[in-house]
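Visitor: 3D model of this:
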Amino acid sequence: MIRAGRLQYVQTMSDLADALGKKLTTLRNQKPYAAEGHPAPISSPDARNQLWDAEQTKAYYAGQPVPELPQVDDDEDLLDRHEAAELLGIAPVTWNTYKKDPDLAAGVVLVPAGPKGTEHWPRRLVLAYKNNRPGRGAGGGRREGSGDMIPRDEILPRIAELLDADPAVKGEYVAETLGITFRPTAQSGLVTLRGRRIADLLEQQPDLDPKDAALQLGYPTSTHRGAIAVAERELRARKEQQYLQRTADFLAAAGIAQQAKVEMRQPDGEHLAAAVPLDTDQPAAAVVWDERFGWRTATSRRHPIGKATDTPPEGEGIRYLGSGLRPEPEELLAALRGGRKGTNRPHIAP
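Guide: Here you go, the predicted structure:
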């Protein structure tokens, strides 16, 4: 860290090279700063850009005693992202989101000054954020309806980091640490990730009981029911995904569908569905598979699956294809190419 009042003495690697009369590339190749007894960097060990205190390096290269730096923490100490994250007890990647707080963003200090400087924050601002950040107090996390602090596509990876560190981590801790709502975001994320990891283990060990898998992964008993339910749905989705991807690849090779990875959906939270976009010269925008109704055409390219419904979709442009819920790709292709083939009535799953 940069101790309070010592910003003027901060020395970058380029500054150090200039002070020694060396080119920057020469300094990096010779690495004199790695020699035993050389003043340690004042930047954190994981910082991308190393920084030194110029008074210390000047004394060292002059053969004089190296002065000590202040050891007592001060509110005006400048912390880099790793040090700020450590003070909050979070991962540096999480700090990347927290630093967007208006007070932190307004107080950031670039060292050295300029667009290429490394971001630092006064200790007082980080402490103030720690004491007032969303989620403190009973219940943890942010108030329901207040929204999450991190982008939706980053939530599960962030929760996964906490689950890696502690398989028994609680939703309240996740909510407070990441600045997300306890219900449903933190709880739902934990259930989903635990379920997926149980599914991974069951794929590796098919004879393993799901409860034993949950125990082997270190998950508390209170979390087993929800996680195992997710694992069972996940395994079912993975099995169906193999059939659907094979069908999608076949249609793409036949020149009527766009090559794409099939993504499994659960519009109603229970039943599986997936869509395969067709080429723009085809009569239908896409074909949709629903485990209850089989294959059908869809008129919307942007939202082919549509809203959750207990009844099979019907209407102009929708026809059900194939002789069963999982027809072979060749049969589906023939039905698509035959404009009159298909029916407006689905194949209802037994």
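Visitor: Would you agree residue 287 falls within a strand?
Guide: Yes: looking at residue 287 with DSSP: H, G, I helix; E, B strand; the rest coil, it is inside a strand.
Visitor: For beta bridges, what are the partners of it?
Guide: residue 276, residue 297 (DSSP bridges).
Visitor: from what I can see residue 107 touches residue 121, true?
Guide: Yes: between residue 107 and residue 121 there is a contact under C-beta atoms under 8 Å: 6.0 Å. C-beta: built from backbone N, CA, C; applies to glycine.
Visitor: Downstream of the least confident helix or strand in the chain by mean pLDDT, the next helix or strand is which one?
Guide: None of the helices or strands of the chain scores lower by mean pLDDT, DSSP states H and E than helix 92-98, at a mean of 80. Under the assignment DSSP states H and E, the closest C-terminal helix or strand after helix 92-98 is helix 102-107.
Visitor: Mark out where each domain of the chain begins and ends.
Guide: 7-132, 152-219, 239-337 (automatic domain parsing).
Visitor: between the ones you listed, which one is nearest to residue 229?
Guide: Residue 229 lies closest to domain 152-219 among the domains of the chain, at 7.1 Å (C-beta to C-beta).
Visitor: ok, and for stretch 66-81, which residues are buried?
Guide: For stretch 66-81, burial by neighbour count (16 or more other C-beta atoms under 10 Å) applies to 66, 69, 77, 78, 79, 80, 81.
Visitor: Per-residue pLDDT of the fifth one, please?
Guide: Pointing back at residue 79 there. Listed pLDDT for residue 79 reads 95.
Visitor: hang on, the earlier thing: sort out which of the buried residues of stretch 66-81 are in helices and list them.
Guide: The helices, defined by DSSP state H, take in residue 81 from those.
Visitor: could the buried residues of stretch 66-81 go into JSON lines alongside distance to residue 17?
Guide: Below are the buried residues of stretch 66-81 laid out as JSON lines (distance: C-beta to C-beta, whole Å):
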{"residue": "66", "distance to residue 17": "19"}
{"residue": "69", "distance to residue 17": "22"}
{"residue": "77", "distance to residue 17": "26"}
{"residue": "78", "distance to residue 17": "23"}
{"residue": "79", "distance to residue 17": "26"}
{"residue": "80", "distance to residue 17": "21"}
{"residue": "81", "distance to residue 17": "25"}
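Visitor: Kindly present the domains of the chain as TSV, with separate columns for distance to residue 228.
Guide: Listed next are those as TSV, based on distance: least, C-beta to C-beta, whole Å:
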stretch	distance to residue 228
domain 7-132	28
domain 152-219	5
domain 239-337	15
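Visitor: what's the neighbour count on residue 204?
Guide: 9 (other C-beta atoms under 10 Å).
Visitor: distance of it from residue 198?
Guide: Going from residue 204 to residue 198 by C-beta to C-beta, to the nearest Å gives 11 Å.
Visitor: ditto for residue 241
Guide: With C-beta to C-beta as the criterion, residue 241 and residue 198 are 18 Å apart.
Visitor: Neighbour count: those two, which is higher?
Guide: Neighbours per residue (other C-beta under 10 Å) separate residue 241 from residue 198, with residue 198 holding more: 27 against 17.
Visitor: so when I look at that one, I'm seeing a helix, right?
Guide: Yes: residue state for residue 198 (three-state DSSP) corresponds to a helix.
Visitor: tell me the contacts of it?
Guide: Contact analysis of residue 198 by C-beta atoms under 8 Å, 6 or more residues apart in numbering lists 210, 213, 214, 217, 219, 227, 228, 230, 231.
Visitor: Show me where the stretch 201-350 of the chain has its strands.
Guide: If DSSP state E, counting those that start in this stretch is used as the criterion, the strands of the stretch 201-350 of the chain fall at 273-277, 286-290, 294-298, 320-321.
Visitor: now the second one: mean pLDDT?
Guide: For strand 286-290, mean pLDDT rounds to 94.
Visitor: ok so, going back, let me know the closest of the contacts of residue 198 to residue 17.
Guide: residue 217 (50.5 Å).
Visitor: where exactly do the helices run in the stretch 1-150 of the chain?
Guide: 13-20, 24-30, 54-61, 81-88, 92-98, 102-107, 123-132 (DSSP state H, counting those that start in this stretch).
Visitor: right, and these - which one's nearest residue 284?
Guide: Closest among the helices of the stretch 1-150 of the chain, using C-beta to C-beta: helix 92-98, at 41.4 Å.
Visitor: Pull out the buried residues from that closest one.
Guide: Quick answer for helix 92-98 (16+ other C-beta under 10 Å): 94, 95, 97, 98.
Visitor: again, but for stretch 268-278
Guide: 271, 272, 273, 274, 275, 276, 277, 278.
Visitor: so which of the strands of the stretch 201-350 of the chain comes closest to residue 85?
Guide: strand 273-277 (39.1 Å).
Visitor: For residue 102, which residues are in contact?
Guide: By C-beta under 8 Å, 6+ apart, residue 102 has no neighbours at all.
Visitor: about what we covered before: export the contacts of residue 198 to CSV and append columns for pLDDT.
Guide: CSV is the format used below for the contacts of residue 198 (pLDDT from 0 to 100):
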residue, pLDDT
210, 95
213, 95
214, 95
217, 95
219, 95
227, 93
228, 94
230, 91
231, 93
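Visitor: Report the buried members of those.
Guide: So, by 16+ other C-beta under 10 Å, the buried ones in these are 210, 213, 214, 219, 227, 228, 230, 231.
Visitor: In contact with the second one, which residues?
Guide: When contacts are counted by C-beta under 8 Å, 6+ apart, residue 213 touches 198, 201, 202, 205, 231.
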